[in-house]
Each structure stands twice: as structure tokens, then as C-alpha cells.
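**Q** the sequence and its predicted three-dimensional model are supplied below.
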Amino acid sequence: MAYTRAWRNFKRMQDLTVAAACLIYAAGAINALQRLPGGPAVAARWTFLWPLAFLVPSLLLPLIIPPVKRWLARYVWMSFQAGFGQTPGSVVVGVALLMGAGLFIWEEVGRAVRAGQLGANVFSAYAAGIGILAAQAVLTRALEKTPEVQARIMERG
């Protein structure tokens, strides 16, 4: 048996969301490395080192703390049931949200350049978001192994 088209599209959208978020982050980090005050070493600290301290826990904690894992898995299942990633409209909305976050990063880097100082680290917040998106993609695979979900996502033939 194979997965339903809806489930395949949903899984694909989960993966593409993580990939797109990482690409947007990389573009923002490249922009920051070229423009932030303090030089490349300071910019690297604000775009890579500190964000890593937020990415890792936001990825790992939802996968190892049982109540959080159950809550996030339930959220992923509800997202599937709501049609996320299964219709052109939901794909456009997802991409628009990611692009909005990317524009926010771009503007925050510009603000830091204009002010000549670094403020709140938008890169850490975005990295935490990527961690949660990646945890959702992992939980999507875990969900498809549960009998209750398999009964709903497998094609019958």
C-alpha cells in the first residue's frame, strides 16, 4: 500500500518549509555578514553562534520531552487535517509567511546598520523557528508509523 496523495503532499510541504526557511536564513546571514557593524567576527557571532544555542533546543526538546512531543505531534496531525500543504492556497500562505519573516530579518539588519549597533537578535528567533519546523518534519515521519494515522493516510486498493 502507498500513502494517499494528500499525505505525500503534506510531507513534502513539511520538508520544503524547512528547506525554504533555511535558505531564507542563509540569505539573511549573508546579508548580515556583509553589512552588520563590528565586522565579520561580530556578525558571525550574531548570525551563527547565538542562533545555534536556540536552534538545537527548539529542535531537540520537542522530540525528547513526552508532553511536548505529544502536543506538537497533535498540532502536526491537525495541520494535515486542515489541509496544510495540500492546496495551492495553503502553499502560497506558507511561502508568504516565510517570506515575511525573511523581510523582517532583512529590515532588522538594515536597522542595525543605520543605528550602528546590534539590538535584539532576530536570527536567534528565526533559528528557533527553524528548529520547531524541523521537529515537525521529524514528527510527521513518526506519525505515519502509528496505526491510527496509518489507517487514515494509506490508500486502500
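**A** Happy to help now that I have it.
**Q** which is the next helix or strand following the helix or strand of the chain with the lowest mean pLDDT?
**A** Ranking every helix and strand in the chain by mean pLDDT, DSSP states H and E puts helix 39-44 at the bottom, with a mean of 84. Next helix or strand after helix 39-44 toward the C-terminus (DSSP states H and E): helix 50-64.
**Q** so which other helices or strands are in contact with that next one?
**A** If you count contacts as 3 or more Cβ pairs under 8 Å, 6 or more residues apart in numbering; DSSP states H and E, helix 50-64 packs onto helix 66-82, helix 122-143. From N, CA and C alone the C-beta is placed, and that goes for glycine too.
**Q** which helices and strands does the helix or strand hosting residue 26 pack with?
**A** Residue 26 is part of helix 5-35 when elements are defined by DSSP H and E. Contacts defined by 3+ Cβ pairs under 8 Å, 6+ apart place helix 5-35 against helix 39-44, helix 66-82, helix 88-115, helix 122-143.
**Q** for residue 76, see how far away the nearest residue to residue 75 once chain neighbours are set aside is.
**A** Of all residues not flanking residue 75 in the chain, residue 136 sits nearest, at 7.6 Å (Cβ to Cβ, 6 or more residues apart in numbering). Distance from residue 136 to residue 76, counting by Cβ to Cβ, to the nearest Å: 5 Å.
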